[in-house]
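Chemist: Here is a sequence with its predicted model. Questions after.
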Amino acid sequence: MRANAAAHLRALQSDEDVTNLEVMTGRYRQQTGRFPSSFSELQTAGWLRGEPVDPLGHTYKLMPDGRVEVRVPDDLPFIQKGMPPEYVAPVAPKFLPAD
């Protein structure tokens, strides 16, 4: 139960991170007329203190259209945001076979 709760909390944190980072990229675009090409541009502008990482320590990916994606979505089950458009989540078994 603890592991499941921890995985859900990591997913919630990741979803919040992605939302906040995408808001930043949108604001950057409003001010400059373009999306940042890297998170270092947001650091230089004073909007970030360092390279943003997910709850497991993987850096987020900044896409050319301002979207933010998680690097390893399979490591963060339950996330709702930040998945690549072509990503297909692994199918979990409906039940565990008896030993």
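Modeler: Sure, I can see it.
Chemist: how many other residues sit next to Val53?
Modeler: As a burial measure, Val53 scores 13 neighbours (other Cβ atoms under 10 Å). C-beta: built from backbone N, CA, C; applies to glycine.
Chemist: Same question for Thr25.
Modeler: By the criterion of other Cβ under 10 Å, Thr25 has 21 neighbours.
Chemist: Settle this for me: it is touching Tyr60, isn't it.
Modeler: No. Between Thr25 and Tyr60 there is no contact under Cβ atoms under 8 Å: 10.9 Å.
Chemist: Next, show the common contact partners of those two.
Modeler: Shared contacts of Thr25 and Tyr60, defined by Cβ atoms under 8 Å, 6 or more residues apart in numbering, comprise Val68.
Chemist: Which residue, other than its chain neighbours, is closest to Leu9?
Modeler: Distances taken as Cβ to Cβ, 6 or more residues apart in numbering place Pro55 nearest to Leu9, at 7.8 Å, with adjacent residues excluded.
Chemist: buried sites along the strand or helix carrying Ala6?
Modeler: Using DSSP states H and E, Ala6 falls within helix 2-32. For helix 2-32, burial by neighbour count (16 or more other Cβ atoms under 10 Å) applies to Ala7, Arg10, Ala11, Ser14, Asp15, Asp17, Val18, Leu21, Glu22, Met24, Thr25, Tyr28.
Chemist: related to what we said a few turns ago, got a pLDDT number for the residue nearest to Leu9?
Modeler: Predicted confidence (pLDDT) for Pro55: 95.
Chemist: That one is in what secondary structure piece?
Modeler: Remark: Pro55 resides in no helix or strand, with elements defined by DSSP H and E.
Chemist: can I assume it is in contact with Glu16?
Modeler: No. Pro55 lies out of contact with Glu16 (Cβ under 8 Å); the separation is 10.1 Å.
Chemist: so what's Gly50 up against?
Modeler: Gln43.
Chemist: Tell me how far it lies from Glu41.
Modeler: Gly50 sits 14 Å away from Glu41, going by Cβ to Cβ, to the nearest Å.
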